[in-house]
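Novice: Got a predicted structure plus its sequence, pasted below:
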Amino acid sequence: MPNAPSLIATLKTSQDPDALVLLQMAELGADLAKPHHPEFAFEIPSSDTAEGIAAVLSSLGYQVEHFDPDEDNPSHQIIAECAMVLELEALNKLSLQFEALAEKYQGSYDGWGAEIVE
């Protein structure tokens, strides 16, 4: 495993949602010291507010995709992606920032995920 045992031990003792995702990724072989491309997901109720949050995320340097509602999901889906090293402290700060941003646009932040980089 490419990750330090102390990092894995720390992640295993945490109940933090971001830590749990990092632990799962590490257990699947991700090298957390390498840059990944996490996708941060938002559910926004209207087209106008979805466009607003998409504009803010774009201005922050994220690549943004907007998915209209469909049969499976009645909300607008906004996915923001960037390249970054997956560090717990940075992810925790982003989660807080994104929760506040989603609330401002009357939506919700649905967390993040990333493909494994070995």
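Specialist: Noted; the coordinates are in hand. As the structure is a prediction and not an experimental result, all values here were calculated from the model.
Novice: Low-confidence stretches in this protein?
Specialist: Within the chain, the stretches with pLDDT under 70 are 1-2.
Novice: Show me where it has its strands.
Specialist: Remark: strands assigned in the chain by DSSP state E are 35-36, 39-44, 63-67, 76-81, 84-85, 108-113.
Novice: Mind putting these into CSV with mean neighbour count?
Specialist: The way it works is simple: take the backbone N, C-alpha and C, and place the C-beta from them, glycine included. Below are the strands of the chain laid out as CSV (neighbours: other CB atoms under 10 Å):
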stretch, mean neighbour count
strand 35-36, 16
strand 39-44, 21
strand 63-67, 14
strand 76-81, 21
strand 84-85, 13
strand 108-113, 18
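Novice: any chance of those strands in a markdown table, with distance to Glu27 too?
Specialist: Putting the strands of the chain into a markdown table (distance: least, CB to CB, whole Å) gives the following:
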| stretch | distance to Glu27 |
| --- | --- |
| strand 35-36 | 15 |
| strand 39-44 | 20 |
| strand 63-67 | 28 |
| strand 76-81 | 23 |
| strand 84-85 | 18 |
| strand 108-113 | 15 |
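Novice: What's the local residue count around Ala50?
Specialist: Using other CB atoms under 10 Å, Ala50 has 23 other residues around it.
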